[in-house]
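Asker: Based on what follows, work out the 3D shape:
(chains A and B)
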There are 2 protein chains.
Amino acid sequence: MINTMAEALSKEQVEQEISGLQGWNYENDKLTKEFSFKDFREAITFITRLAFEAEEQVHHPEIYNVYNNVRISLSTHDADDKVTEKDIQLAQTIESLYN
Amino acid sequence: MINTMAEALSKEQVEQEISGLQGWNYENDKLTKEFSFKDFREAITFITRLAFEAEEQVHHPEIYNVYNNVRISLSTHDADDKVTEKDIQLAQTIESLYN
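Answerer: Okay, here's the model as predicted:
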């Protein structure tokens, strides 16, 4: 049952891993980013696109949407809701969708 | 610019209006309900379906999703983020999608 993907990363590891990612913050044991779009349709389109990737990675973010804004928070339930490589990987995927 | 749809309802009015709606709570000047689904796909499907209705009504909820759970909060920006008839109407529509 041991899966190296679900091991919590240290604060230093997380900060190193996200150093190449624009706008992601590490706080309260989560990786979080606020995304802004032209309008509601664009925000929902982003959420839908992201949902397919989340399913593929079998890893699901917290998603909070108000009109044209989307806040994504990532942590790993199987690692006591701490940040693991799974979160880094999903963050990278989300970035590739946004850019 | 006056629109009767955007007038804040009193607490009594809101409570009367939602008395026929299952599971909606009125707190912190918002109408809120937690929805639960079989899995993430079903939750995202609900959000997507709801998004079309929100666009049609030109009224957009706060949407919070974690895996199979979706929390919807409704208030009206143009009425100082208080609950108006627009929120009641969208809540009724959301109920019809869920049931």
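
Asker: any chance you could map the strands in chain A?
Answerer: Here chain A has its strands, by DSSP state E, at A:25-27, A:30-36, A:62-66, A:69-74.

Asker: Which neighbouring elements make contact with the second one?
Answerer: Strand A:30-36 sits against strand A:25-27, strand A:69-74, helix A:85-98, with contacts defined as 3 or more Cβ pairs under 8 Å, 6 or more residues apart in numbering or on different chains; DSSP states H and E. For every residue, glycine as well, the C-beta is placed using N, CA and C.

Asker: send the alpha carbons of the longest one over as PDB?
Answerer: Listed next in PDB are the C-alpha coordinates belonging to helix A:85-98 (Å, rounded to 0.1, in the frame of the first residue of the first chain):
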ATOM      1  CA  GLU A  85       4.200  15.000  -5.800                       C
ATOM      2  CA  LYS A  86       0.600  14.300  -7.000                       C
ATOM      3  CA  ASP A  87      -0.200  18.000  -6.200                       C
ATOM      4  CA  ILE A  88       2.900  19.300  -7.900                       C
ATOM      5  CA  GLN A  89       2.100  17.200 -11.000                       C
ATOM      6  CA  LEU A  90      -1.500  18.400 -11.100                       C
ATOM      7  CA  ALA A  91      -0.400  22.000 -10.600                       C
ATOM      8  CA  GLN A  92       1.900  21.700 -13.500                       C
ATOM      9  CA  THR A  93      -0.900  20.300 -15.700                       C
ATOM     10  CA  ILE A  94      -3.200  23.100 -14.600                       C
ATOM     11  CA  GLU A  95      -0.600  25.600 -15.500                       C
ATOM     12  CA  SER A  96      -0.200  24.100 -19.000                       C
ATOM     13  CA  LEU A  97      -4.000  24.500 -19.400                       C
ATOM     14  CA  TYR A  98      -4.000  28.100 -18.300                       C
END
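
Asker: Now tabulate the helices and strands packed on strand A:30-36 in TSV and tack on mean neighbour count.
Answerer: Shown next, in TSV, are these (neighbours: other Cβ atoms under 10 Å in any protein chain shown):
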stretch	mean neighbour count
strand A:25-27	12
strand A:69-74	20
helix A:85-98	18
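
Asker: of these, which approaches chain B most closely?
Answerer: For the helices and strands packed on strand A:30-36, proximity to chain B was assessed by Cβ to the nearest Cβ; strand A:69-74 is nearest, at 8.9 Å.

Asker: what mean pLDDT does the closest one have?
Answerer: Across strand A:69-74, the average pLDDT comes to 98.
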